[in-house]
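> predicted model, plus sequence, below.
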Amino acid sequence: MKILIKLFLLFLFIFTNAGFANEHLILDKAPIDLNDQASLQRGAKTFINYCLNCHSANYMRYNRLKDIGLSDKLIKDNLLFTAEKIGEPMKIAMTKKDAKAWFGVNPPDLSVEVRARGSDWIYSYLRGYYLDSSRPTGWNNTVFDKTEMPHILWKLQGDQKFNEEHHTLELTNPGTLTVKEYDALVGDLVNYLTFMSEPSKVKRLHMGYYVLLFLGLLLVLTVKLKKEFWKDIK
């Protein structure tokens, strides 16, 4: 009994502190629309060009990109950089040992990151980088303090400064994209990451409507059949 009480108090302490740690964290809403194939295609391009160098997506195969409107030829000619066949998973050449030595941690597999963190968290994270000379990479993040990940999109976004007094970010050196364009690019990327975390979700939801329609028709037939059987019983 004492052990159970101690475990309960330990969990209570952990969750309470986690709550205080995230007390001031307000996440921005990610523009998720899994039916927007143009957005998903742009996001896939950004993911493969910027993210797939360090982050793997072992639970995603290139041929699933056909679900967002891409043909085999488009995939092979424009997106197939880390594999030979479109049926292969999105793996990377970097080993876990090298990743640990270069970054201090092994970069997470992005095919499951949305499930672990949520779309809003990743969207806010990719827009929350700011310059911090005290960090090894020169960057910090408002969503994930002391992040080990460098700002791979900094040329696009530019340099941001954190205003400690107002707890806001200020763009000090613009990148190649405007703020609106960068937010749109990140939105497309997170939209694709959300699709990649569960590629069959859209098909499953569409199938669900047909299943509900079938069950509705079956219910009508069942009620009519029941009335037919019981019409002479009083």
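Perfect, I can see it now.
> could you check how far R64 is from T194?
Per C-beta to C-beta, to the nearest Å, R64 is found 14 Å from T194. (Each C-beta comes from the backbone N, C-alpha and C, glycine too.)
> looking at these two, which is more packed in?
Per other C-beta atoms under 10 Å, whichever of R64 and T194 has more neighbours is T194, with 23 against 20.
> give me the phi and psi for that one.
phi -70, psi -40 (degrees, to the nearest 10).
> can you pull the contacts of it?
Contacts for T194 (C-beta atoms under 8 Å, 6 or more residues apart in numbering) come out as A30, I32, L34, V114, S119.
> was I right about the last one contacting Y192?
No: using C-beta atoms under 8 Å as the test, S119 is too far from Y192 to be in contact (10.7 Å).
> which ones are touching the residue nearest to D132 when sequence neighbours are not counted?
Among residues not flanking D132 along the chain, N140 sits closest, at 3.6 Å (C-beta to C-beta, 6 or more residues apart in numbering). By C-beta under 8 Å, 6+ apart, N140 lies in contact with Y129, Y130, L131, D132, S134, K146, T147, F162.
> related to what we said a few turns ago, and of the contacts of T194, the nearest to G175?
A30 (20.4 Å; C-beta to C-beta).
> quick one: secondary structure of that closest one?
coil (DSSP: H, G, I helix; E, B strand; the rest coil).
> could you measure from the nearest residue to it once chain neighbours are set aside over to E113?
Leaving aside its chain neighbours, A30 sits nearest to Y123 (3.6 Å; criterion: C-beta to C-beta, 6+ apart). Here the criterion is C-beta to C-beta. By it, Y123 lies 12 Å from E113.
> more crowded one of those two?
Y123 (27 against 21).
> the more buried one contacts A184, correct?
No: the criterion here is C-beta under 8 Å, and Y123 misses it with A184 at 11.4 Å.
> can you show me the strands along the chain?
In the chain, the strands defined using DSSP state E lie at 57-61, 89-90, 129-131, 139-141, 158-163, 168-174.
> buried residues in the fifth one?
For strand 158-163, the buried set under the neighbour-count rule, 16 or more other C-beta atoms under 10 Å, comprises G158, D159, Q160, F162.
> what's near enough to touch the residue nearest the centre of the chain?
For the chain, the residue nearest the mean C-alpha position is V114 (3.4 Å; C-alpha atoms, centre = their mean). Contact analysis of V114 by C-beta under 8 Å, 6+ apart lists I122, V190, L193, T194, M196, S197.
> sorry, back to before: separation between the residue nearest to A30 and M60?
19 Å.
> returning to what we had before: just the ones in helices from the contacts of V114, please.
Counting by DSSP state H, these place I122, V190, L193, T194, M196, S197 in helices.
> hang on, the fifth one packs against M60?
Yes: judged on C-beta under 8 Å, M196 makes contact with M60 at a distance of 4.9 Å.
> mutual contacts of those two, please.
With contacts defined as C-beta under 8 Å, 6+ apart, the residues shared by M196 and M60 are S111.
> ok, the residue lying closest to T142 once chain neighbours are set aside - how many residues close by?
Distances taken as C-beta to C-beta, 6+ apart put G128 closest to T142, at 4.0 Å, once the chain neighbours are dropped. Using other C-beta under 10 Å, G128 is surrounded by 20 other residues.
> and G128, how close does it get to G187?
Taking C-beta to C-beta, one finds G128 at 14 Å from G187.
> got it, and L40?
L40 is 11 Å from G187, by C-beta to C-beta.
> one more: R61?
24 Å.
> same check, this time on T82
Using C-beta to C-beta, one gets 25 Å for the distance from T82 to G187.
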